[in-house]
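**Q** Next come a sequence and a model predicted from it.
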Amino acid sequence: MQIPLQITIRDIEPSEALEARIRDKAEKLEEFFKHITSCRVVVEVPHKHHRQGKQFNVRIDIGVPGSEIVVNRDHAEDVYVALRDAFDAAKRRLEDYARKIRGDIKTHEPRRMNESED
């Protein structure tokens, strides 16, 4: 990463375990795409008074050459599940982006007719 990982934790008691999990998952993203230029992760509890219990929101902004990939995930009651889901989605988006820039877009060959089908 060209720009160091930025982690923001709002309305949640910060912990070393939470930050370590975020750092670990962010490092693993580079296994799927080596040219990540930046990564910002925001973990928060939005103020929604009409819901009971905590609703965690994880937003990941990943800078890649010529674009930015943004992932938003919510999960009730478990910040670690919200992190897992958000980073899984980010991984899939990075894999799709890498295939796109490499030109690995799936194309289907036209169906050939057998002589018996003429």
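**A** Everything's here; your move.

**Q** The lowest-mean-pLDDT helix or strand in the chain pairs with which strands?
**A** The weakest-scoring helix or strand in the chain, judged by mean pLDDT, DSSP states H and E, is strand 67-76 (a mean of 88). Sheet pairing here is set by DSSP bridges, and for strand 67-76 it gives strand 55-64 (antiparallel).

**Q** Show me what the strand it pairs with is in contact with.
**A** The contact list for strand 55-64 (Cβ atoms under 8 Å, 6 or more residues apart in numbering) reads 3, 12, 29, 33, 35-46, 48, 68-79, 82-83, 85-87, 90, 93-94, 97. Just so you know, the C-beta spots here come from the backbone N, C-alpha and C atoms, and that holds for glycine as well.

**Q** which residues of this protein fall in strands?
**A** For the chain, strands defined by DSSP state E occupy the ranges 6-10, 38-44, 55-64, 67-76.

**Q** Reformat those as a markdown table; add mean neighbour count.
**A** Conversion of these to a markdown table gives the following (neighbours: other Cβ atoms under 10 Å):
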| stretch | mean neighbour count |
| --- | --- |
| strand 6-10 | 13 |
| strand 38-44 | 19 |
| strand 55-64 | 20 |
| strand 67-76 | 15 |
